[in-house]
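I'll drop the sequence and a predicted model, then ask my questions.
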2 protein chains.
Amino acid sequence: MHLFKGIIPVNKLAYDFIQKIFNKNPGFLCVLGNTETGKIPGISAAGANPAITDYTPPADLELLYYGKCKSIPGVPITPDGIPTPAIITLAAKTIADIPVFGVNGGLRALPLGPYIELGGAPGESILNGASLSNVKNVFERAIVIGKNFSKAFDYLVIGESIAGGTTTALAVMMAMGINASGKVSSSMSFNPHDLKNEIIRTAFKNLKLKQGGLKHDPLKAIELVGDPIQPVCAGLAIGATSGIPVILAGGTQMAAVVSIISVLEEPALENIAIGTTRWLIEDRSSDLQGLIKEIREIPILAINLNFSVFEEPGLRAYEEGVVKEGVGAGGMSISAIVKSGGKITLDDIYEGILKIYKNFKGKL
Amino acid sequence: MHLFKGIIPVNKLAYDFIQKIFNKNPGFLCVLGNTETGKIPGISAAGANPAITDYTPPADLELLYYGKCKSIPGVPITPDGIPTPAIITLAAKTIADIPVFGVNGGLRALPLGPYIELGGAPGESILNGASLSNVKNVFERAIVIGKNFSKAFDYLVIGESIAGGTTTALAVMMAMGINASGKVSSSMSFNPHDLKNEIIRTAFKNLKLKQGGLKHDPLKAIELVGDPIQPVCAGLAIGATSGIPVILAGGTQMAAVVSIISVLEEPALENIAIGTTRWLIEDRSSDLQGLIKEIREIPILAINLNFSVFEEPGLRAYEEGVVKEGVGAGGMSISAIVKSGGKITLDDIYEGILKIYKNFKGKL
């Protein structure tokens, strides 16, 4: 059995999944979206301020393509100046030579680079009525793309960049009757559960939606209270698992994607794992494992990144619970190590991150 | 040495190229575009009438994805009701299980399905000033996508769907000083060389452009008198050949792409072949081989399709020189046979085409 230093098999199913992808050739799909929900003050740290979060997803993708952002100067940062997890993804991608394809789930600001278009639109605020339109079409187009990529790679890593995604993940899971309150993660070190619950309470009341009221209709749940990355991640994964394994690379947002898939195409989950970070797994303010157990147990893997190896405060801050995950950082780090059969180590990834960080430090 | 019944090695270099792709796993990129040039009456048969040619490229792509068009009823046809060569591509794609990705070079009507977006715009009429904008950005984004796909497939097949593409191909080659007059092909059985020459004469005069005046600046030539598929096909091929071979699947339009590449990234041509049809090679009104010899000799392969095997007049018409090529029909048929190591034969492709044709016959 292949095990890798640096990769934590979070549950028993993880062991088998690692064997499936050992030494195999992955592709990375980075799904991008915006919602007005993500701009509610106090909801997200995926940008220096709420207005600029429109540019965080395209800037993350540009960073992965070109090693530098085009839509903004420097790289996306939290309000405290902590850099985007895309620097981790970029390090993993570069070292392991994993190709990246951006996918537009629904963006306000388009990437200044190539991307896959599925006809989606950005989300409104769930406080002001239905969040999304055209969900079914986007979902079906994502299935086509997922199926096509299943003939291109040995497995797919599917990540996301969207501000406020854990709030819309919570909302969709609650609409589907999953006991998710207090269990979703946050890009901030203090997880604003009360604010999230309050927003969702108001949204559900306005929409006359009951908890569990859309147990069997996830696309409707997405339309009402979801976000643009959800139908795309679900569709890509369902399409791809017709032929190959899939890593949903993210935290509790991916639990919402798993819950959507569990209703629309349950057998696909046989071939899906969650790949995330140690920060996410050890986070006491959220419960990814509990969520996944409640929905349907699938493999969970975590990359054992520990940024106390760094001297730079902007990187060490990750150890205080800021950011934690995003842009497929965990799943891509795992894939870099497994693709190389263990030749690539955590130290290689750290070295890559430091180089990228130093390159941008003056500009943050 | 592997040779295949049904595939014609048109020149000596073709033999080696076939060995390179023997039994390998290809992906198909279908590049779509529109120009107002393509709507000049008498220029193109890629649509029942000039106005509807806006819908031919998206409809071709939808046919490949879904086995039916969504943007139009039935399938794209010539003014005489002869069906699009995409039915050949669909047969080859289906039999050999080759995944298709649409790429928007610059469309007036977007596909009702997924596609790769590069930020291009449709072309104006070359009679009214510069044809295109944003050419350099689109070209560079295509390189990124080509590079990424080089890590996904063993080789790439790059095809096109655009009405009037041989006229803009001729214009670009003439701007680059290639002696192409009277040598480009046509989707009609009567090749309107005089009309094409007259259009180009007028366009060059309006733009104060001389034959050969842009010998060293193909992107400028595309901007002034080209079309949206040209920078995309060139960029995709240049990006992909950093790692894998490429088949430019098309007729004399691809000679223009070869001439563009020969200036921008000449070494890429070491890894590029043209894959086309017997109809194109045997066409007495055009001269693909002559063009390629003048630009730079690269392998040319042709599929030995002969539609006199059919009883259906709509298919037999291909033997009278209508359509001839398009939507990667030749290159995809070649790839289907080579991918299977010869297990897939011309008869299998005929059978697939007939099934598709019969399915649509009532709707044409």
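Looks like it came in fine. All values derive from a computational prediction rather than experimental measurement. Numbers count the residues shown, from 1 in each chain, chains lettered A, B, ... in the order given.

Buried residues, the helix or strand in which residue A:256 is found. List them.
When secondary structure is defined using DSSP states H and E, the element that contains residue A:256 is helix A:252-264. Buried residues in helix A:252-264, defined by neighbour count with 16 or more other Cβ atoms under 10 Å in any protein chain shown: A:252-264. Heads up, the C-betas are built off the backbone N, CA and C, glycines and all.

which helices and strands sit right next to that helix?
For helix A:252-264, the packing partners by 3 or more Cβ pairs under 8 Å, 6 or more residues apart in numbering or on different chains; DSSP states H and E come out as helix A:165-175, helix A:218-225, helix A:229-240, strand A:246-249, strand A:272-277, helix A:288-295.

Pull the second one out as CSV, backbone CA atoms only.
Think helix A:218-225. Below are the C-alpha coordinates for helix A:218-225, written out as CSV (Å, rounded to 0.1, in the frame of the first residue of the first chain):
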residue,chain,number,x,y,z
PRO,A,218,-30.9,20.4,-5.1
LEU,A,219,-31.0,22.4,-8.3
LYS,A,220,-33.9,24.4,-6.9
ALA,A,221,-32.0,24.8,-3.6
ILE,A,222,-29.0,26.2,-5.6
GLU,A,223,-31.3,28.5,-7.6
LEU,A,224,-32.8,29.9,-4.4
VAL,A,225,-30.0,30.1,-1.9
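
Determine how far that helix lies from the middle of the whole chain.
Its chain's average C-alpha position is 18 Å from that of helix A:218-225, according to Cα atoms, centre = their mean, to the nearest Å.

Next up, phi/psi of the residue in the stretch 151-300 of chain A positioned nearest to chain B, please.
Sorted by distance to chain B under Cβ to the nearest Cβ, the residues of the stretch 151-300 of chain A start with residue A:152, at 3.7 Å. Taking degrees, to the nearest 10, you get phi -110, psi -30 for the backbone angles of residue A:152.

Could I get the pLDDT score of it?
Reading off the confidence values, residue A:152 has pLDDT 98.

That one contacts residue B:29, correct?
No: counting by Cβ atoms under 8 Å, residue A:152 stays clear of residue B:29, with 11.5 Å between them.

Neighbour count: those two, which is higher?
Neighbour count, other Cβ atoms under 10 Å in any protein chain shown: between residue A:152 and residue B:29, residue B:29 has more, with 28 against 23.

pretty sure that one contacts residue B:150?
No: distance between residue B:29 and residue B:150: 11.5 Å, which falls outside the contact criterion (Cβ under 8 Å).

shared neighbours, the two?
With contacts taken as Cβ atoms under 8 Å, 6 or more residues apart in numbering or on different chains, residue B:29 and residue B:150 have residue B:156 as neighbours in common.

Residue A:105 should be in a strand, yeah?
Yes: using DSSP: H, G, I helix; E, B strand; the rest coil, the assignment for residue A:105 is a strand.

which residues of the stretch 51-200 of chain A score low on pLDDT?
Applying pLDDT under 70 to the stretch 51-200 of chain A flags no residue at all.

for residue A:102, helix, strand, or coil?
Under three-state DSSP, the three-state class of residue A:102 is strand.

Give me the spatial nearest neighbour of it, chain neighbours excluded.
Sequence neighbours aside, residue A:115 is the residue nearest to residue A:102 in space, at 3.8 Å (criterion: Cβ to Cβ, 6 or more residues apart in numbering or on different chains).

what bridges to the one you found?
Legend: beta-bridge partners of residue A:115 under DSSP bridges are residue B:117.

so it makes contact with residue A:104?
Yes: because the distance of 5.0 Å satisfies Cβ under 8 Å, residue A:115 is recorded as touching residue A:104.

which residues do the two both contact?
Shared contacts of residue A:115 and residue A:104 (Cβ under 8 Å, 6+ apart): A:32, B:117.

what about residue A:16, how many neighbours?
A total of 12 residues lie near residue A:16 under the criterion other Cβ under 10 Å.

Need phi/psi at it.
Per degrees, to the nearest 10, the residue geometry at residue A:16, taken as phi and psi, is phi -60, psi -40.

circling back to that earlier point, I'd like the helices and strands packed on helix A:252-264 as TSV, with distance to chain B and mean neighbour count appended.
Converted to TSV, these look like this (distance: least, Cβ to the nearest Cβ, whole Å; neighbours: other Cβ atoms under 10 Å in any protein chain shown):
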stretch	distance to chain B	mean neighbour count
helix A:165-175	22	30
helix A:218-225	17	25
helix A:229-240	10	31
strand A:246-249	15	31
strand A:272-277	19	29
helix A:288-295	27	19
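
Between those, which one is closest to residue B:57.
With Cβ to Cβ as the criterion, residue B:57 lies closest to helix A:229-240 of the helices and strands packed on helix A:252-264, at 23.3 Å.

any idea of the mean pLDDT in that closest one?
Regarding helix A:229-240, the rounded mean pLDDT is 98.

One more: stretch A:263-275?
Across stretch A:263-275, pLDDT averages out at 98.

got a list of contacts for that stretch?
Contacts of stretch A:263-275 from elsewhere in the structure, counted by Cβ under 8 Å, 6+ apart, are A:13-14, A:17, A:157, A:176, A:215-219, A:234, A:237-238, A:241, A:244-250, A:254-255, A:258, A:261-262, A:288, A:292, A:296, A:298-303, A:330-332, A:334-335.

again, 7 Å this time
Applying Cβ atoms under 7 Å, 6 or more residues apart in numbering or on different chains, the external contacts of stretch A:263-275 come out as A:14, A:17, A:157, A:216, A:218, A:234, A:237-238, A:241, A:245-249, A:254, A:258, A:261-262, A:292, A:296, A:298-301, A:330-331, A:334.
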